[in-house]
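*Asks:* Following is a predicted model, sequence given first.
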Amino acid sequence: MALDSIRGSLKEQGVRLTRQRQILLELIDKTGDHLDAESLYQLAKQKDPRINRVTVYRTLKMLKTGGLVDELDLMHYGGDQHYYETRLKQEHAHVVCLRCGKVEEFFGDVLQRLRKQVEAHFGFQILLARTEVGGYCAHCQTLRAREVDEARQRLLEGVEEPPRTTPKPARARSKRA
Ligand SMILES: [Zn+2]
Ligand SMILES: [Zn+2]
């Protein structure tokens, strides 16, 4: 199991898995989500009210340095926010919606192939690869199209609306046509 191998790896590095560290590890491992430090802190606090922010940030740093969790910025959707996920997941690309912030994970052979091609091309030894794709999800594309339509409509109405002091020649003209 994923968590067991993390535990083993920590032991090798001489890191003691305190109860609070374990809570955090389990949270990152089990949610399978990409949570930021503050969300992790809030979740951890529910499990152990004594846990504090400093412990959470320190533990995340330790796990990151130890190569156990990955720190992601997810196209900076949340500004300077960082998100954490376990390194034990199979390599995947993050597909981030820049409108609603939804994050999808793309697993596929292409990523492995890309890795091999880059290694062959540059004679490079890849230790870490991170692929992020930003754009709009299907739902947001629909919403955006509607927003653009509405904005255009407002703009047209604004432009066509004649000044109050003058009569409406446009209407008269269209009647004649
Ligand atoms: Zn979206
Ligand atoms: Zn992920």
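*Replies:* Received, thanks. Ligands and ions are numbered 1, 2, ... in the order given.
*Asks:* List, one by one, the residues from the chain near ligand 1.
*Replies:* For the chain, the residues in contact with ligand 1 (C-beta under 5 Å from the ion) are Cys97, Arg99, Cys100, Lys102, Cys137, Cys140. Any C-beta I mention is one placed from the backbone N, CA and C, and that applies to glycine too.
*Asks:* so what pLDDT did the first one get?
*Replies:* This means Cys97. The model reports Cys97 with a pLDDT of 96.
*Asks:* Among the residues of the chain next to ligand 1, which one sits closest to Asp29?
*Replies:* If you rank the residues of the chain next to ligand 1 by distance to Asp29 using C-beta to C-beta, Lys102 comes first, at 21.5 Å.
*Asks:* What is the neighbour count of that closest one?
*Replies:* 14 (other C-beta atoms under 10 Å).
*Asks:* What of Ala138?
*Replies:* When counting by other C-beta under 10 Å, one arrives at 7 neighbours for Ala138.
*Asks:* please begin residue numbering at 51 from this point
*Replies:* With the count now opening at 51, the last piece we talked about shows up as Ala188.
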